[in-house]
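*Asks:* here's a sequence, model it:
(2 chains)
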Amino acid sequence: MGQYYQTESVIHKLDPRVKLVATICFIISLFVVDSWVGYVVAAVFLAVMIKLSKVPFRFMVKGMKAIVMILMITVVFNLFLTPGEPLVTFWKLTITKEGLRIAVMMAVRLSFLIVGSSLMTLTTTPNSLTDGMEKLMNPLKYVKVPVHEVAMMMSIALRFIPILLEETDKIMKAQIARGADFESGNLIKKAKAMVPLLVPLFISAFRRANDLAMAMEARCYRGGEHRTKMKPLQYHAADRIAYLVLLVYFSGCVALRIYL
Amino acid sequence: MSLILDHVNYSYGDDTALSVHALKDVSLVIPDGQFIGLIGHTGSGKSTLVQHLNGLLKPTSGAIYYNGEDIHDPDFDKKKLRSKVGLVFQYPEHQLFEIDVFKDVCFGPKNLGLSQKETELRAYAALKQVGIADEYFYQSPFDLSGGQKRRVAIAGVLAMKPEILVLDEPTAGLDPRGRDEILDQIAKLKEETGITVILVSHSMEDVAKYVERIIVMNRGSVLYDDTPREVFQHYQELEQVGLAAPQVTYIMQALAKKGMKVNTTATTITEAVEEILKAL
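*Replies:* Numbers count the residues shown, from 1 in each chain, chains lettered A, B, ... in the order given. Have a look, this model is predicted:
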């Protein structure tokens, strides 16, 4: 899934909760509709959202690369293994009419699903995404789910990814300067060569975690109870309109399923 | 055993919108046996430059020659180059990983494919060179103090017997005493072995005492490349790029302005004292 793409757009400015709910609804809608008209509606909805987000289309396609294998396997299995009216037969393989239909449907569903969720991660910073999740899952508190703690852990983990990548690069270079070789040799040799990289990396990760915990304690961090935010999430007019659009789209999809 | 940089350019993240031109047309000759200070403000390209010296980074354009051979030639043995140009990174203690000090120092020479005996001899000599006492040899490197850890890490590079030793901010984060210890040890090492030493720093004060040549970097290009005496004469320009001359320079300049007949090119306290006594 794509990393945040910075630009000014209506979609970027939406409340992260709206985007989360919309993404979930969109994914459900993909599995609700089962007619071609429904897919055209979903495609139009998605295309309009992409246009509004001002994110270049090639960034969405980047997310697709990761699932190309899964997509192929799904298509191939559905194509050949669905029983029904034979369409083409060669050697021992038969493509049936039903198989073709399901394969195409699956491919469309999967790619829409990926593009749709990429759109969310491309237009929302990881921080506001976790903020939105925390707010949305708030009711779970009453069944003793540590919502705030989970959200905090998520944002810390996300924050640490670039730091640890940089650290890895630095240690790797330092060890290469000492004659380490990370590339040649067989699998066992390669695994062994990772020790001089992994040990310092783990130590540095623990040190950073320790420092962060200390800094948080020093600022009297106590977790979620009675904690206020500098920028609390608030719905604006645009968010209400977005919910309305979503409602129209979703009920349209359900209606198509029932009446078509 | 000279190292020549010929019109080296380097930019980070070349095909993205956030491309940073870190080195601009850097040409340098580093002959044998010099003690060089490489000075620059944060982000001036010092660290990028030193990573070019042992081939960790490849110039976007331009070439680097070691003994007349292009180091990015496909036939060139980079591993050998890395043993000849020893690079000690910033905070080198963060790269320690072995279960004891001695084994960690052995890592470099072992990678060069030396025999067990030769490896251990070199590790022992290197640890002695940086002044680590025998009793620490079989302790975990993580139990040592900050200054000791750093010296062990420097020994790890020294054990490869480099001809050019590059130290990237070796005194960062150390207290004044640890700083002086490390710098004195490097100076002693330089005197005993005659290797080339390049000391990267942002503090003129640190290097003025030791080096014979100063290269000042500013925004990716070489601003001055001369003896400390000459470089410090530009103390006003140095201030403009976020650096400063040693305090001695300021005192001598102030005295000269007040009408005292002193030679303003003194770079160390001893020299300054002599000058002032002469003028009195």
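
*Asks:* and the helix or strand residue B:229 falls within, which residues are buried?
*Replies:* Take DSSP states H and E as the rule and residue B:229 turns out to sit in helix B:228-232. Neighbour-count burial for helix B:228-232, counted by 16 or more other C-beta atoms under 10 Å in any protein chain shown, picks out B:228-229, B:231-232. For the C-beta atoms, the positions are set from N, CA and C on the backbone; glycine is no exception.

*Asks:* so residue B:49 touches residue B:217, yeah?
*Replies:* Yes. With contact defined as C-beta atoms under 8 Å, residue B:49 reaches residue B:217; the gap is 6.8 Å.

*Asks:* just the CA trace of the helix or strand where residue B:198 lies, in PDB.
*Replies:* Applying DSSP H and E as the criterion places residue B:198 in strand B:196-201. Extracted C-alpha coordinates of strand B:196-201, given in PDB (Å, rounded to 0.1, in the frame of the first residue of the first chain):
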ATOM      1  CA  THR B 196      47.800   9.700   6.500                       C
ATOM      2  CA  VAL B 197      45.100  10.900   8.900                       C
ATOM      3  CA  ILE B 198      42.000  12.800   7.900                       C
ATOM      4  CA  LEU B 199      40.100  14.200  10.900                       C
ATOM      5  CA  VAL B 200      36.500  15.300  10.200                       C
ATOM      6  CA  SER B 201      35.200  17.900  12.600                       C
END
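
*Asks:* now do that strand: everything it contacts.
*Replies:* B:1, B:30-39, B:46-47, B:50, B:53, B:163-171, B:183, B:186, B:189-190, B:206-207, B:210-211 (C-beta atoms under 8 Å, 6 or more residues apart in numbering or on different chains).

*Asks:* I'd say residue B:62 and residue B:11 touch.
*Replies:* No. With contact defined as C-beta under 8 Å, residue B:62 does not count as touching residue B:11 (11.8 Å).

*Asks:* rewinding a little: quick one: distance of the strand holding residue B:198 to the chain centre.
*Replies:* Counting by C-alpha atoms, centre = their mean, to the nearest Å, strand B:196-201 is centred 2 Å from the centre of its parent chain.

*Asks:* mind picking out the helix or strand in the chain with the poorest mean pLDDT?
*Replies:* Here I'm looking at chain A. strand A:86-90 (a mean of 75; mean pLDDT, DSSP states H and E).

*Asks:* look at chain B instead
*Replies:* For chain B, counting by mean pLDDT, DSSP H and E, that's helix B:204-208 with a mean of 80.

*Asks:* buried residues in that one?
*Replies:* Going by neighbour count (16+ other C-beta under 10 Å), the buried part of helix B:204-208 is B:204, B:206-208.

*Asks:* show me what from the stretch 151-280 of chain B comes close to chain A.
*Replies:* Contact residues (C-beta under 8 Å from any C-beta of the partner chain) of the stretch 151-280 of chain B with chain A: B:156-157, B:160.

*Asks:* tell me which entries of those residues lie within strands.
*Replies:* Judged by DSSP state E, strands contain none of these.

*Asks:* can you redo the residues you listed as TSV with pLDDT and neighbour count?
*Replies:* TSV is the format used below for these (pLDDT from 0 to 100; neighbours: other C-beta atoms under 10 Å in any protein chain shown):
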residue	pLDDT	neighbour count
B:156	93	31
B:157	93	28
B:160	92	25
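
*Asks:* about what we covered before: just how off-centre is the least confident helix or strand of chain B within its chain?
*Replies:* Remark: helix B:204-208 is offset 12 Å from the chain centroid, using C-alpha atoms, centre = their mean.

*Asks:* and the next helix or strand past it?
*Replies:* Where DSSP H and E defines the elements, the next helix or strand beyond helix B:204-208 is strand B:213-218.

*Asks:* just checking, what packs against the next helix or strand after that next one?
*Replies:* Next helix or strand after strand B:213-218 toward the C-terminus (DSSP H and E): strand B:221-226. Contacts defined by 3 or more C-beta pairs under 8 Å, 6 or more residues apart in numbering or on different chains; DSSP states H and E place strand B:221-226 against strand B:20-30, strand B:213-218.

*Asks:* tell me the angle strand B:221-226 makes with strand B:20-30.
*Replies:* 20 degrees (axes from the mean of the first three to the mean of the last three C-alpha atoms, to 10 degrees).

*Asks:* can you report how many residues lie near residue A:217?
*Replies:* For residue A:217, the neighbour count with other C-beta atoms under 10 Å in any protein chain shown is 10.

*Asks:* give me the residues contacting the helix or strand harbouring it.
*Replies:* Counting by DSSP H and E, the element that carries residue A:217 is helix A:195-218. Under the criterion C-beta under 8 Å, 6+ apart, residues A:156, A:160, A:163-164, A:167-168, A:171-172, A:175, A:180, A:182, B:94-97, B:107, B:142 lie in contact with helix A:195-218.

*Asks:* write the ChimeraX selection for whichever of the residues you listed are buried.
*Replies:* Listed next is the ChimeraX selection for buried residues among those, using 16+ other C-beta under 10 Å:
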select /A:167,171,172,175,180 /B:94,95,96,97,107
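
*Asks:* in helices only, show me the contacts of helix A:195-218.
*Replies:* Counted as lying in helices by DSSP state H, out of these, are A:156, A:160, A:163-164, A:167-168, A:171-172, A:175, B:107.

*Asks:* widest-spaced pair of those?
*Replies:* Farthest-apart pair in the ones in helices among the contacts of helix A:195-218 is A:156 and B:107; separation 32.6 Å (C-beta to C-beta).
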